[in-house]
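> dropping a prediction and its sequence here:
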Number of protein chains: 2
Amino acid sequence: MLSKRWIHNTRPVWQRTLTPLTHIKHPELKRHSAFSKITPKDLNYFKSILSAQNVVYDDNPESISMTPYNTDWFNLFRGASSLCLFPKSTEQVSKILKYCNQHQLAVVTQGGNTGVSGGAVPVFDEIIVNTSKLNSIRKFDPVSGVAVVDAGVVLEQLDQYLETKGYTVPLDLGAKGSCQLGGNVSTNAGGLRLMRFGSLHGNVLGLEVVLPDGTILDNLSTLRKDNTGYDLKQLFIGAEGTLGLVTGVSLLTPRRAKSTNLVLVALNSFEAIQKAYVMAKEDLSEILSAFEFWDDESVHVVKTQMMQKVDYPIEGKYPFYALIETQGSKQGHDQEKLDGYLARLLEEGIAHDGVMAQDTKQISSLWSWREKIPESMSKAGTAMTYDVSMEVPLLYKMVEDAKEHFGNKGELGTDKLYSNLLGFGHVGDGNLHIMANLNKSGKEGQEAMDKFVYSWAMKHHGSITAEHGVGVAKVHYMNKAKSAIQLQLMRTIKKAIDPNGIMNPYKVVPE
Amino acid sequence: MLSKRWIHNTRPVWQRTLTPLTHIKHPELKRHSAFSKITPKDLNYFKSILSAQNVVYDDNPESISMTPYNTDWFNLFRGASSLCLFPKSTEQVSKILKYCNQHQLAVVTQGGNTGVSGGAVPVFDEIIVNTSKLNSIRKFDPVSGVAVVDAGVVLEQLDQYLETKGYTVPLDLGAKGSCQLGGNVSTNAGGLRLMRFGSLHGNVLGLEVVLPDGTILDNLSTLRKDNTGYDLKQLFIGAEGTLGLVTGVSLLTPRRAKSTNLVLVALNSFEAIQKAYVMAKEDLSEILSAFEFWDDESVHVVKTQMMQKVDYPIEGKYPFYALIETQGSKQGHDQEKLDGYLARLLEEGIAHDGVMAQDTKQISSLWSWREKIPESMSKAGTAMTYDVSMEVPLLYKMVEDAKEHFGNKGELGTDKLYSNLLGFGHVGDGNLHIMANLNKSGKEGQEAMDKFVYSWAMKHHGSITAEHGVGVAKVHYMNKAKSAIQLQLMRTIKKAIDPNGIMNPYKVVPE
């Protein structure tokens, strides 16, 4: 069964034209000389513990066999590893890391490779440990709703399993057909329903983690409450694989909603979107499950790139659209609340038009206008993508300022640096995705956009990455984004847990 | 305005008869010789930075001025400090810790002193830093619902403030009239509505923490999503003051419910309670806000100790009761869902009787039967209290086994070791509070009960502390409750952040 969500791997990485961008060379990064290079002896060891078919090796990192693992799916980052390992058990992971730690071999963990910050691909020749073959659902308790799964279980695979039990996953994102739970945890993935179910720091009940020296930390609690000492699992949630390798996840899952409603409304300003959001919290309250927005430029790109033959559900042209979802346990009640809310929106002149999905097909169709934005941008050209968070009132101002900034400087437009500069995102979480297509590939255009977006976010007390993570993409901005004290504490933790620094080097915390 | 909740400080600690129990002497603990003793020079320094009225000193720790700070409110733990400091700013806290770290003076942080594991009182002569005078609500954003407060703000004080804005605190507990946000965070307090709003690991957006060397870690983000590097605040949530001193808290607060309903039902078995709970998740789903239970022994103790003149709302005698609360945005809808649920409970023979609160007074009255259990036990004698978590099906089996165990051994009964052995708790969180009155005070009875409860919990893969924390009460059980690997990682973190070990020594992580 295919997800109604956009499944990125309909376009496998290894079929793409590779057009590496300048900045993947990371001129500011140097390979650590302390790290060893892989020898035939190392290779033999890995083959002995994993068996040959779970070891992919080619001394040419650009070979067809290694390229899929060296390249991220947006094709923005490319490493030069010649070795990818596919352990099938936690014990195998333990042996791999113990060996790598003893032999000073650097490691990068890779799940579904759907990250967009270059966190799951090597920077140089790090050994890739891919979790795809750790893919069992270990157990599920239908009373508590707690699922214990291997790190390599695909999010959608788990959701389909839970559906048969009346439960669902507490996070949902575009890449759900490919992303893996271990990667979700390591990235602290947010996604579309964070406003309803909260973050993984709350929903993950336990983790099994292999520490850099190969020690297996079995912290796979299924208890909802446990205050016996430091909550160790929290360290690894969002650490992007720099402190250990997550092999198992214990996840609290909510009941599957019996009733889902979805409306798309058209609005004339971002102020109106904020008003609609506050009113949604008032009127829909406990049944509000998503509040997404996008601008008319987003519609244009999706229409042009992927939905030429589909009519946009709302006629006319409006600067903004909001997609508002409810999930509840009684359709009649939910519908009544939603009707009341929409009536108020229209009567008070907040929204000017709107459509309500009448069945699951229409729900899927409305969602697709939101979910196809990144892929459409990717099809339209080399796509720059950002995810920033800030106070809700400021969210769209960044996009307006970017248009003005690059417009004034003559950098925006079809023959200029960028085209299709647009914004969309999760209003409820204060999370904006701003994207643009780079007309002239190259370092200059990228750096100008990076600099603008990150500076703007920091100036307005926002975050330079709300959910995508730092990876290698933003590591050079961390010195500005965080205080010296914060960075020092991060380094203290890194040093204490991974003294040899073998886990996902060059990333997250600048050296 | 008084809370409808039980406010513990209606009985101030310093008016109690002090009957210290043997185990507060901690014969297995030795004062660390590395720690300095307070000198007149130290005292002068603290007076110079805080002013004299914010320094309480008496070289007799049992003096009337020091006793309230040396003693926990259950009167189970008593330290021997001669100094309690009341900083009024983060900078003052920074100066205190910097000085203490330089001079090897041990420190214990104290908030509302409502903890029950001895975590907030000294074990020996640690300097007490009390946060009561850090008590400002710094700011609140009515769009996002994010509140930023000083650590010493009382939970109920914040809730009353939020009520005027249409918001509420995402945690609720018996001690809300006295407990402080800093203490809630440091204990990772759970409470009555965790099942609805989730844990503090999800609801705390940022913290301001003074590190052991006096460095101020300003991590007071108000962003709902922020993945820039390690989520440092998580380290301090539930660390019980052993890694730093929390001075500020940024908290995500939910909308205040427009409609609250509460029912009390009578059931014949714990199996029936589990069925009622699963049905509540099905039928009440998004509006279910609390699902508490207690046994008939609990009713007996409350009735005898505190509610002699009040009729229990349900006639007849049943072994179990469940208190089920809904909170939603539309009273008619909530009522309809609840009516349907109750009809199902009665028709299917799960519950045998029940009452529904008709107004806020009745809501308060029904809650009081739950909330008065600990205080009633405390009035009935020296109360042993435990909070364990485990799989829901096992929850009450511990109480039954304890009765049988101590009954068979002749330790239960009015002339035996214990009386009033009872159980109650949060079904939804798998969290049991088991309590008993010690008939003969002394180490023997306490140790027998400790040993039984903790061994039972560990044998059944439960937690020896679901929400109260380890403190000094359970530190000697940590070697059994956690693996050597978990403890080693905790020590690594402690050592990395507090190398001199001055913060809340002797607690949480055994040495």
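Happy to help now that I have it.
> from now on I want contacts and neighbour counts done on CA atoms only, so please keep to that.
Noted.
> isn't there a strand covering A:Thr247?
Yes: A:Thr247: assigned to a strand according to DSSP: H, G, I helix; E, B strand; the rest coil.
> which residue ranges form the helices in the stretch 401-511 of chain A?
In chain order, the stretch 401-511 of chain A shows helices spanning A:443-459, A:478-481, A:484-497, with DSSP state H, counting those that start in this stretch as the criterion.
> which of those helices sits closest to A:Asp150?
Ranking the helices of the stretch 401-511 of chain A by their distance to A:Asp150 (criterion: CA to CA) puts helix A:484-497 first, at 22.6 Å.
> and the host helix or strand of A:Asp159, is it in reach of chain B?
Using DSSP states H and E, A:Asp159 falls within helix A:155-163. No: looking at helix A:155-163 against chain B by CA under 8 Å from any CA of the partner chain, there are no contacts, and the closest approach is 14.2 Å.
> which helices and strands does the helix or strand just after that helix pack with?
Beyond helix A:155-163 in the direction of the C-terminus, DSSP H and E gives the next helix or strand as helix A:181-187. The elements that helix A:181-187 packs onto, with contact taken as 3 or more CA pairs under 8 Å, 6 or more residues apart in numbering or on different chains; DSSP states H and E, are strand A:245-252.
> so is the strand it packs on next to chain B?
No: among the residues of strand A:245-252, none lie within reach of chain B under CA under 8 Å from any CA; the closest is 10.5 Å away.
> adjacent strands (with direction) for that strand?
The partner list of strand A:245-252 in its sheet, established with DSSP bridges, is strand A:146-150 (antiparallel), strand A:204-210 (antiparallel).
> so which residues on the stretch 251-400 of chain A come close to chain B?
For the stretch 251-400 of chain A, the residues in contact with chain B (CA under 8 Å from any CA) are A:255, A:278, A:281-287, A:328-329, A:333, A:389-392.
> wait, which of these is closest to B:Ser132?
A:Glu391 (30.3 Å).
> would you turn the strands paired with strand A:245-252 into a markdown table with mean neighbour count and mean pLDDT?
Supplementary listing: the strands paired with strand A:245-252 in a markdown table, determined by neighbours: other CA atoms under 10 Å in any protein chain shown; pLDDT from 0 to 100:
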| stretch | mean neighbour count | mean pLDDT |
| --- | --- | --- |
| strand A:146-150 | 25 | 97 |
| strand A:204-210 | 26 | 98 |
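> what comes up buried for the top helix by length along chain A?
Counting residues, the longest helix found in chain A (DSSP state H) is helix A:360-380. By neighbour count on 16 or more other CA atoms under 10 Å in any protein chain shown, the buried set for helix A:360-380 is A:363-380.
> same check, this time on stretch A:386-393
Within stretch A:386-393, the residues that count as buried by 16+ other CA under 10 Å are A:386-392.
> give me the contact list for it.
A:271, A:274, A:395, A:427-435, A:453, A:457, A:460-468, B:143-144, B:223-226 (CA atoms under 8 Å, 6 or more residues apart in numbering or on different chains).
> next: stretch A:176-189.
A:2-3, A:5-9, A:110-114, A:132, A:150-157, A:171, A:199-201, A:236-241, A:246-249, A:467-469, B:227.
> buried subset of those residues?
Applying 16+ other CA under 10 Å to the contacts of stretch A:176-189 flags A:5-8, A:110-114, A:132, A:150-157, A:171, A:199-201, A:236-241, A:246-249, A:467-469, B:227 as buried.
> domain ranges for chain A?
A:23-130, A:137-252, A:257-380, A:382-468 (the TED database).
> so which of those is nearest B:Glu348?
Across the domains of chain A, B:Glu348 has its closest neighbour in domain A:137-252 (18.7 Å, CA to CA).
> spit out the contact partners of A:Leu267.
For A:Leu267, the contacting residues are A:273, A:318-322, A:350-353, taking CA under 8 Å, 6+ apart as the criterion.
> A:Ala322 belongs to a strand, doesn't it?
Yes: applying three-state DSSP, one finds A:Ala322 inside a strand.
> give me the distance between the nearest residue to it once chain neighbours are set aside and A:Ser82.
The shortest distance from A:Ala322 to any non-neighbouring residue, by CA to CA, 6 or more residues apart in numbering or on different chains, is to A:Phe293 (4.3 Å). Taken as CA to CA, to the nearest Å, the spacing of A:Phe293 relative to A:Ser82 amounts to 42 Å.
> same check, this time on A:Ala120
Here A:Ala120 is placed at a distance of 15 Å from A:Ser82 (CA to CA).
> got it, and A:Gln358?
From A:Gln358 across to A:Ser82, the span is 51 Å (CA to CA).
> between these two, point out the one with more neighbours.
In this comparison of A:Gln358 against A:Ser82, neighbours counted by other CA atoms under 10 Å in any protein chain shown, the higher total goes to A:Ser82 at 24 against 11.
> phi and psi next, for that one.
Backbone torsions of A:Ser82, given as degrees, to the nearest 10, read phi -110, psi 10.
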